[in-house]
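>>> below are the sequence and a predicted model for it; my questions follow.
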Amino acid sequence: MIELPEVSIDFDEERHLYTLRGYRLPSVTQLMEPMRAMAYSEVSEGVLMEAADRGTRAHESISNIVLYGIEETDDDTESYVSAFNDFMRDFKPTWIASEYRTYHKAMRYAGTIDLIGYATPDDGSGVDVCDIKTTQSLHRTMLSCQLGAYAEALKSHGVQVRNLYGLQLLRTGKYQFEKVDNGFMTFLHSMAIVKAMEQDIR
C-alpha cells in the first residue's frame, strides 16, 4: 500500500486560498472557471450557493466517516451520506486519504482530492483517485478534467496513479460510480484561457 507524501501547503478555507511558502497558487477549481461558467450559466447564483453549501457539508460528513468512522448529517445531507454508505457496502473500497491537499510541483496549481485509495484491491500499480459530486447533473468533461489535474499533481510528487473515478451522490439516496478518463489536456486548455484573460485584464 502506497504512503502519500506529506505536502506542506497552506489553505485558507474562508477565502479558498492555497499558498506555498507564501506564494499564492491557483486552485484546480479556479482554473476550470470557463467550463463551470458554461455548465451553470442558466442557474441562479442563489441556487449555486445553496448547492455548494450543501455539497461542502456532505463532503465533510463523508470525510469524517472515512477518517474517523463518525457519521453526523444534517437533514438536507442525510440522503447523500446514505448513498455513500451504500456505495461503501457495495464496493468495499479501501481509502488511505480523504480531503487530501496537494499541488503540482512544476505547474504550480493546487487542489483538494476527495478520496485516494483503492476502489478495487491493491495490485501495486498505483492508487485510485475519486471525486465526489452531489450535483443533479454529472458533467463528465469537467469531471475528467478535474481528476486529470489531481492525478498529474500526485504524479509530480512521485505517486503512481492507477484509475480515476467519479462518485455521484443523489438527493434520492442513490449513487452512480464510474471510471473516468484522464482529461489533463482539457485542463491545460482551460488553464491557458484563464492565464490569458488574467494578463488581458491587468
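Now that the structure is in, tell me what you want to look at.

>>> Ala149 and Thr29 touch, don't they?
No: taking Cβ atoms under 8 Å as the contact criterion, Ala149 and Thr29 are not neighbours in contact, 9.6 Å apart. (Glycine included, C-beta is placed from N, CA and C.)

>>> mutual contacts of these two, please.
Between them, Ala149 and Thr29 share the neighbouring residues Gly111, with contact defined by Cβ atoms under 8 Å, 6 or more residues apart in numbering.

>>> more crowded one of those two?
Under the criterion of other Cβ atoms under 10 Å, the comparison of Ala149 against Thr29 puts Ala149 first, with 29 against 15.

>>> who are the neighbours in contact with the more buried one?
By Cβ under 8 Å, 6+ apart, the contact set of Ala149 is Val28, Leu31, Met32, His104, Tyr109, Gly111, Phe184, Phe187.

>>> pLDDT, neighbour count and distance to Asp74 added to those, as JSON lines?
Formatted as JSON lines, these follow (pLDDT from 0 to 100; neighbours: other Cβ atoms under 10 Å; distance: Cβ to Cβ, whole Å):
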{"residue": "Val28", "pLDDT": "97", "neighbour count": "24", "distance to Asp74": "27"}
{"residue": "Leu31", "pLDDT": "96", "neighbour count": "24", "distance to Asp74": "30"}
{"residue": "Met32", "pLDDT": "95", "neighbour count": "22", "distance to Asp74": "27"}
{"residue": "His104", "pLDDT": "98", "neighbour count": "19", "distance to Asp74": "34"}
{"residue": "Tyr109", "pLDDT": "97", "neighbour count": "21", "distance to Asp74": "32"}
{"residue": "Gly111", "pLDDT": "97", "neighbour count": "24", "distance to Asp74": "25"}
{"residue": "Phe184", "pLDDT": "97", "neighbour count": "18", "distance to Asp74": "35"}
{"residue": "Phe187", "pLDDT": "97", "neighbour count": "25", "distance to Asp74": "32"}
